[in-house]
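[1] how would this look folded up:
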Amino acid sequence: MSDRSSHRPILMFDSGVGGLTVLREARVLMPDRRFVYVADDKAFPYGAWEEPTLQAHILDLFAKLLDRFQPAISVIACNTASTLVIDALRETFPGHPFVGTVPAIKPAAERTRSGLVSVLATPGTVKRQYTRDLIGKWAQKCHVRLVGSNNLAGLAEAYMREGFVDEEAVRAEITPCFVQHDDLRTDIVVLACTHYPFLANRMRKTAPWPVDWIDPAEAIARRALSLLPAVDGPLPQSEPDIAVFTSGKPDFAISRLMQGFGLSAR
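    From the prediction side, this is the model:
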């Protein structure tokens, strides 16, 4: 990347509002950078798609996004998309850097004391061979339970829109994460969907016992920062941060939410 890359935005991509958890951390680390947040809400939820069709859809969409926004780097702030298409994105657009989001299995394996770790994800992330390869590589000495939730991403979207969520519905989704073997209990739950940290307080409240909830947002933001060239001095004033919706029709609640994150909805 040339020095001019400092004038180009960082593109944050997710199927909905989940990537805002990563944006929040990225803003802390890179306060002078400009951001373009892209929500592929027209295609939400990704779990309902067949894998080949979803991969083709994301590749086609990124051809348009890269041409339109000319970002310095793209962050795929979505586990489902990353585990499916990150390699294909890098192969298709070899001159552009991508940062993916994958389940934080390695840090979970390093931190656990009981050896019982759960990965809370979308069904798409759970069924990916990519996820199982991470377990085989980093967590061979742990018992890792993969829990695919059909509803949590939608609950998080509703919560961010409306400010309310059914706690019993959250409890039902997280309960399978909690395992007890003799005197050992699950002590770490990996939040393998960027939507889920929005419900972290409700998860803590409804969990049967305390665990360490691993949110990878900061690590993703740090990885993006590490791939950008250093900038000497303050960056010049640039255009405002924007949020782009593939549906083209963000409703009032979502537009207000974006404003709360310093984004102008387009």
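
[2] what distance do you get for the residue nearest to E162 when sequence neighbours are not counted to G95?
    Distances taken as Cβ to Cβ, 6 or more residues apart in numbering place A253 nearest to E162, at 6.9 Å, with adjacent residues excluded. Where you see a C-beta, it was placed from the backbone N, CA and C, and this is true even at glycine. The gap separating A253 from G95 is 38 Å, by Cβ to Cβ, to the nearest Å.

[3] sheet-wise, list the partners of the helix-or-strand element of the chain with minimal mean pLDDT with their directions.
    Lowest by mean pLDDT, DSSP states H and E among the helices and strands of the chain is strand 264-265, with a mean of 85. Here strand 264-265 has these sheet partners by DSSP bridges: strand 242-245 (parallel).

[4] just checking, next helix/strand downstream of the strand it pairs with?
    Past strand 242-245, further along toward the C-terminus, the next helix or strand under DSSP states H and E is helix 252-260.

[5] against which helices or strands is that following helix packed?
    helix 152-162, strand 264-265 (3 or more Cβ pairs under 8 Å, 6 or more residues apart in numbering; DSSP states H and E).

[6] mind listing what A63 touches?
    Neighbour list for A63: T92, F93 [criterion: Cβ atoms under 8 Å, 6 or more residues apart in numbering].

[7] quick check: pLDDT value at it.
    The predicted local confidence for A63 comes out at a pLDDT of 97.

[8] would you mind measuring from it to A56?
    From A63 to A56 the distance is 11 Å (Cβ to Cβ).

[9] distance check, A172 against A221.
    From A172 to A221 the distance is 31 Å (Cβ to Cβ).

[10] equivalent analysis for A88, please.
    Applying Cβ to Cβ to A88 and A221 gives a distance of 23 Å.

[11] M30 too?
    Taken as Cβ to Cβ, the span from M30 to A221 is 8 Å.

[12] so A253 and G95 - more neighbours on which side?
    A253 (13 against 6; other Cβ atoms under 10 Å).

[13] pretty sure that one contacts Y159?
    No: here A253 lies out of contact with Y159, judged by Cβ atoms under 8 Å, at a distance of 11.1 Å.

[14] quick one: contacts for S82?
    Taking Cβ under 8 Å, 6+ apart, one finds I76, G100, T101, V102 in contact with S82.

[15] which of those residues sits closest to Q129?
    V102 (12.3 Å; Cβ to Cβ).
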